[in-house]
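Engineer: Sequence and computational prediction follow.
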Amino acid sequence: MLLLTARMSCSLDSSSTCSSKKWLESLWSIPKAELFVDSMYSEVVTSRLLTSFLKDLEKKMNTPAMKNTTSLPETFGSNNSTCNAPETTYNAALIAIYSIVLVGGSAGAVSMTWKMKHDGKTVTSTAVINLMLAHILFLLTVPFRLSYYILDEWKFGEIFCRLVSAMIHAHMYLCFLFYVAIVIMRIFSFFQEKTMQFYRPWHATATSLVVWSLVLFTVFPLYLKLYGISKTYNEKQCFQFQDELKEEPVKYMNYFSVTVVFMTICALLAVQMYILMRLANKHEGTFLKQQQFGAQVKTLLFLLIMILCFLPYLGFRFFYIKQIVANPCSLILHAINEIFLALTAMSCFDVLTFLVAAH
């Protein structure tokens, strides 16, 4: 308005050109009231523009994409994490796997326990009975896992979450130990040409009590005391302890256990192949009909169960530990790791394999 008044003053001048001096004089001739109105008008326009800009910015900030980057989401690992909550697209696979394990494993454990209750004198039968006990203890925790994957919320407290999380790992390593004991006893029986037995029935019970005492009163208390306490976790989520892998002792303990399992399986598999080759050379042409060959095939089944159920998870573990530390928010890594871990529970079907092989 101020500029328009000045220009109108210039246009009314009789001269062909309006000098800058006259133009400036016209500016000074404007009443002060009009200058005040112009000033107020400018402030109102500026205020409206600023208000409009802030409203547009608020709308953009309230969009889902901006919420994920500007607000604190549900944590994937810990409450201090910046990761989103894990997607549930792989929950269906986990629910299917654990449901099959619960039904098939329970039926197999009951059948095998009934079959083995009258045959507890040999070292192998004692190991198999303890193997069934490990399966049963693990199967008791599976319904809680299914509840979490179905409801997408943990309702049983942090301590019980760590206990259930520990149980699947304990189940895998206990089964591995019992498998190794069974395979070694059968290998010794082959070379000594006799079945290894306990001299007294209570020897088998005492041996089992020693093993389970070490597990229940040493391994589990240490696990619950030391694992899952370095970070603050969301109590409504469970099995999200990947942040613990950033701790050097936890990382190297995982590397050590995976390496030991790999080396043990490879060594036992090499010995078993040697035994089969020795039988093939000794009974050339008829070794498939030999009773010893059938016994060694059963031994080979234990090794195959370890290879098919445990090695995929343990092999991926090397890659997972390295990548999850560098990319803690990778939902794909977490999903693959959980599915491979669930597949270790398929070892519960070993009892059905043994029953089929026995017939």
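Structural biologist: That came through fine. Numbering: from 1, shown residues only.
Engineer: where's Arg317, which helix or strand?
Structural biologist: Using DSSP states H and E, Arg317 maps to helix 311-326.
Engineer: Run through who's touching that helix.
Structural biologist: The contact list for helix 311-326, computed with CB atoms under 8 Å, 6 or more residues apart in numbering, reads 172, 242, 245-246, 251, 254-255, 258, 261-262, 265, 330, 333-334, 336-337, 340-341, 343-344. C-beta coordinates here come from the backbone N, C-alpha and C atoms, glycine included.
Engineer: just checking, next helix/strand downstream of that helix?
Structural biologist: Using DSSP H and E, the helix or strand that follows helix 311-326 towards the C-terminus is helix 331-344.
Engineer: Just want the angle from that next one to helix 311-326.
Structural biologist: Counting by axes from the mean of the first three to the mean of the last three CA atoms, to 10 degrees, helix 331-344 lies at 150 degrees to helix 311-326.
Engineer: Narrow the contacts of helix 311-326 to just the buried residues.
Structural biologist: Neighbour-count burial (16 or more other CB atoms under 10 Å) applied to those gives 172, 242, 245, 254, 258, 261, 265, 330, 333-334, 336-337, 340-341, 343-344.
Engineer: which among those gets closest to Glu153?
Structural biologist: His334 (17.2 Å; CB to CB).
Engineer: sorry, back to before: now do the buried residues in the helix holding Arg317.
Structural biologist: 311-314, 316-317, 320-321, 324.
Engineer: could I get those residues as CSV with distance to Leu133 and pLDDT?
Structural biologist: Output for the buried residues of helix 311-326, formatted as CSV (distance: CB to CB, whole Å; pLDDT from 0 to 100):
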residue, distance to Leu133, pLDDT
Leu311, 24, 93
Pro312, 25, 93
Tyr313, 22, 94
Leu314, 23, 93
Phe316, 28, 92
Arg317, 26, 90
Tyr320, 30, 90
Ile321, 30, 88
Ile324, 33, 81
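Engineer: which element follows the worst-scoring helix or strand of the chain on mean pLDDT toward the C-terminus?
Structural biologist: Every helix and strand of the chain was ranked by mean pLDDT, DSSP states H and E. The lowest is helix 64-70, at a mean of 40. Next along the chain after helix 64-70, taking DSSP H and E as the criterion, comes helix 91-116.
Engineer: now the angle between helix 331-344 and that following helix, please.
Structural biologist: Counting by the same axes, to 10 degrees, helix 91-116 lies at 20 degrees to helix 331-344.
Engineer: quick one: average confidence on helix 91-116?
Structural biologist: The pLDDT scores in helix 91-116 average 87.
Engineer: Tell me the first helix or strand C-terminal of it.
Structural biologist: The helix or strand immediately downstream of helix 91-116 is helix 123-139, counting by DSSP H and E.
Engineer: and the helix or strand that that next one is followed by, average pLDDT?
Structural biologist: Next along the chain after helix 123-139, taking DSSP H and E as the criterion, comes helix 142-151. The pLDDT scores in helix 142-151 average 93.
Engineer: which residues touch Leu352?
Structural biologist: 104, 107-108, 111.
Engineer: Quick one: residues in contact with stretch 298-308.
Structural biologist: Identification of contacts with stretch 298-308 by CB under 8 Å, 6+ apart yields 176, 179, 182-183, 186-187, 265, 268-269, 272, 276, 346-347, 350, 353-354, 357.
Engineer: and the protein, what are its domains?
Structural biologist: For the chain, automatic domain parsing gives the domain ranges 2-70, 92-358.
Engineer: Looking at those, which one is packed in the most?
Structural biologist: domain 92-358 (a mean of 16; mean count of other CB atoms under 10 Å).
Engineer: Sketch out the low-pLDDT regions of the stretch 201-350 of the chain for me.
Structural biologist: Residue ranges of the stretch 201-350 of the chain with pLDDT under 70: 201-203, 225-232, 287-288.
Engineer: now the strands for it?
Structural biologist: For the stretch 201-350 of the chain, strands defined by DSSP state E, counting those that start in this stretch do not occur.
Engineer: what ranges do the helices span in it?
Structural biologist: 201-214, 220-226, 248-282, 291-305, 311-326, 331-344, 350-358 (DSSP state H, counting those that start in this stretch).
Engineer: Gln237: which of these is closest?
Structural biologist: For Gln237, the closest of those is helix 331-344, at 11.5 Å, according to CB to CB.
Engineer: which outside residues touch that closest one?
Structural biologist: 76, 84, 86-87, 89-90, 93-94, 97-98, 101, 168, 171-172, 239-240, 242, 309-310, 312-313, 316-317, 320, 323-324, 327.
Engineer: cool, and stretch 136-154?
Structural biologist: Stretch 136-154 is contacted from outside by 88, 91, 94-95, 98-99, 101-102, 105-106, 109, 155-156, 160-161, 163-164, 167-168, 170-171, 235-239, 345, 348, using CB under 8 Å, 6+ apart.
Engineer: Quick check: Val325 vs Thr264, distance?
Structural biologist: Here Val325 is placed at a distance of 26 Å from Thr264 (CB to CB, to the nearest Å).
Engineer: If you could redo that for Met346, that was the one I meant.
Structural biologist: Distance, Met346 to Thr264, by CB to CB: 20 Å.
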